[in-house]
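Participant: pasting the sequence and the predicted model now:
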Amino acid sequence: MTSVANAQETDNFLLLDLDNVRRGSGNVKPGWAMGDFYPLDDLRYTKEFEIKEWDVSTIQTLWRNHADVNSEYIAVYCGVLTVIFGYVDSKSGEIIPNCTINVGKCQRIVIKTGVWRKFCGSDDVQGISIRKSPERLTHENT
């Protein structure tokens, strides 16, 4: 059934085009669909969690441990996402890769908080990540 929403009904939802999400919006980096980086009056604002819709151009290729966001849920819709895990060498302080996992189409992975990881992917990789919003310092809790 197809219907057209009137102005009052459109206050209750926000229909998004995936390409627009992946391009970014204003001060929000490409791929971020929901999170506390949106203005308070935007339906995409939430301080509880973050959602990122990503493709090969917006995956995180640098080492991160996300110690401030709790576990991270990643779903791959197409292509292959390669997750490279690592640890910090006690002598050099460098991150040393120690495990690689390929997450393919229709697979999901949950990564524990504090685990060092970086990503690479096939040219056609696409997916979504969901995680708790990090505890950011604000004027309210400084």
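Facilitator: It's in. Numbers count the residues shown, from 1 in each chain.
Participant: centroid-nearest residue for this protein?
Facilitator: For the chain, residue 52 is the residue whose C-alpha lies nearest the centre (CA atoms, centre = their mean; 3.4 Å).
Participant: the helix or strand where that residue lies: which residues count as buried?
Facilitator: Using DSSP states H and E, residue 52 sits in strand 49-55. Buried residues in strand 49-55, counted by 16 or more other CB atoms under 10 Å: 50-55. Where you see a C-beta, it was placed from the backbone N, CA and C, and this is true even at glycine.
Participant: gap between it and the chain center?
Facilitator: Mean C-alpha position of strand 49-55 versus that of the full chain (CA atoms, centre = their mean, to the nearest Å) differs by 3 Å.
Participant: separation between residue 13 and residue 44?
Facilitator: 11 Å (CB to CB, to the nearest Å).
Participant: which residues in the chain form helices?
Facilitator: Using DSSP state H, the helices of the chain run over 7-10, 18-23.
Participant: ok, residue 13 and residue 44, which is more surrounded?
Facilitator: Between residue 13 and residue 44, counted using other CB atoms under 10 Å, residue 44 has the larger neighbour count: 18 against 9.
Participant: so how far is residue 90 from residue 69?
Facilitator: Counting by CB to CB - residue 69 and residue 90 are separated by 25 Å.
Participant: for residue 57, same thing?
Facilitator: Counting by CB to CB, the gap from residue 57 to residue 90 is 35 Å.
Participant: can you check residue 42 too?
Facilitator: For residue 42 relative to residue 90 (CB to CB), the value is 44 Å.
Participant: got it, and residue 40?
Facilitator: For residue 40, the distance to residue 90 - CB to CB - is 43 Å.
Participant: quick revisit: which of the helices of the chain has the lowest mean pLDDT?
Facilitator: Mean pLDDT is lowest for helix 7-10 out of these, coming in at a mean of 55.
Participant: and residue 75, what does it touch?
Facilitator: Counting by CB atoms under 8 Å, 6 or more residues apart in numbering, residue 75 touches 107-108, 127-129.
Participant: before we move on, what about residue 45?
Facilitator: Counted by CB under 8 Å, 6+ apart, residue 45 has contacts 34-36, 38-39.
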